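K.L.:
quick one, what's the 3D model for this:
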Amino acid sequence: MPSDAKILIVDDHEDTLYALESALAPLGYRLARATSGDEALKQVLRGQVGLLLLDVRMPGVSGLDVVRYMRRLEQTQHIPVILLTGFGADHELTSTAFRLGVADLVMKPIDPWALRTKVRYLFDARRRHLALEHEVRELRALVKGHGENEENAARRPLPHPDARVPVQRGQGAHTGELEQDRT
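P.N.:
I've put the predicted structure just below:
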């Protein structure tokens with residue numbers, strides 16, 4: 001997730017979008033909005049979405065349809081999603097949502113403090129996770145590069161054994177010094 005990643009808020013009602021933006025503004029994250037499932041998918045596929053707040057029931061492509069599509073693509077399958085619903089929790093919606101891997105299902109009207117807490121946690125956790133993945137890739141590349149250097153060194157022919165033995169000069173003088181040290 002790039003440092004300029006944003007939170008995408010998706011709802012088909014302008015007043016809900018405004019309320020959600022107002023609730024999340026104190027966090028200081030970049031916010032974007034979409035008014036349909038199709039528009040949300042286009043923005044998600046363009047990249048730079050670090051978290052999705054998504055209304056469940058929208059005309060055309062529903063929030064659940066958006067999540068189903070996202071989970072099929074490698075580039076979007078791990079983006080955290082908070083589903084929003086104003087129709088109350090029913091068992092089928094809840095089980096479907098969590099089976100699709102959503103992070104949370106939130107009922108409207110939304111408590112701004114609770115929403116900010118959830119969003120901050122999920123957005124920052126995703127950012128840390130991606131930073132760790134990046135660090136692991138860099139370390140693997142270093143280890144691989146180091147291993148290749150050792151393999152190249154192992155393939156080089158060894159010098160003749162006599163070429164590695166240093167020439168010893170003045171052996172008598174060194175021997176005398178050793179004898180003095182022993183006394």
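K.L.:
okay, now the unreliable bits of the chain?
P.N.:
1-3, 147-183 (pLDDT under 70).
K.L.:
ranges for the strands of it?
P.N.:
Assigned strands in the chain, in chain order: 6-10, 30-34, 49-55, 81-85, 104-107 (criterion: DSSP state E).
K.L.:
redo the ones you listed as CSV? Include distance to residue 69 and mean neighbour count.
P.N.:
Where you see a C-beta, it was placed from the backbone N, CA and C, and this is true even at glycine. CSV is the format used below for the strands of the chain (distance: least, Cβ to Cβ, whole Å; neighbours: other Cβ atoms under 10 Å):
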stretch, distance to residue 69, mean neighbour count
strand 6-10, 13, 24
strand 30-34, 14, 17
strand 49-55, 12, 26
strand 81-85, 11, 22
strand 104-107, 18, 16
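K.L.:
in CSV, list those strands along with distance to residue 72.
P.N.:
Output for the strands of the chain, formatted as CSV (distance: least, Cβ to Cβ, whole Å):
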stretch, distance to residue 72
strand 6-10, 18
strand 30-34, 19
strand 49-55, 15
strand 81-85, 14
strand 104-107, 20
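K.L.:
out of the ones you listed, nearest to residue 144?
P.N.:
Ranking those by proximity to residue 144 (Cβ to Cβ) places strand 49-55 first, at 29.2 Å.
K.L.:
which strands and helices sit next to that closest one?
P.N.:
In terms of contacts (3 or more Cβ pairs under 8 Å, 6 or more residues apart in numbering; DSSP states H and E), strand 49-55 is packed against strand 6-10, helix 37-46, helix 63-72, strand 81-85, helix 112-155.
K.L.:
okay, the angle between it and helix 112-155?
P.N.:
Orientation check (axes from the mean of the first three to the mean of the last three Cα atoms, to 10 degrees): strand 49-55 against helix 112-155 gives 150 degrees.
K.L.:
quick check: the residue sitting nearest the centre point of the chain vs residue 137, distance?
P.N.:
Ranked by distance to the mean C-alpha position of the chain (Cα atoms, centre = their mean), the top residue is residue 130 at 2.2 Å. Between residue 130 and residue 137 the distance, using Cβ to Cβ, to the nearest Å, works out to 11 Å.
K.L.:
brilliant, that's me finished.
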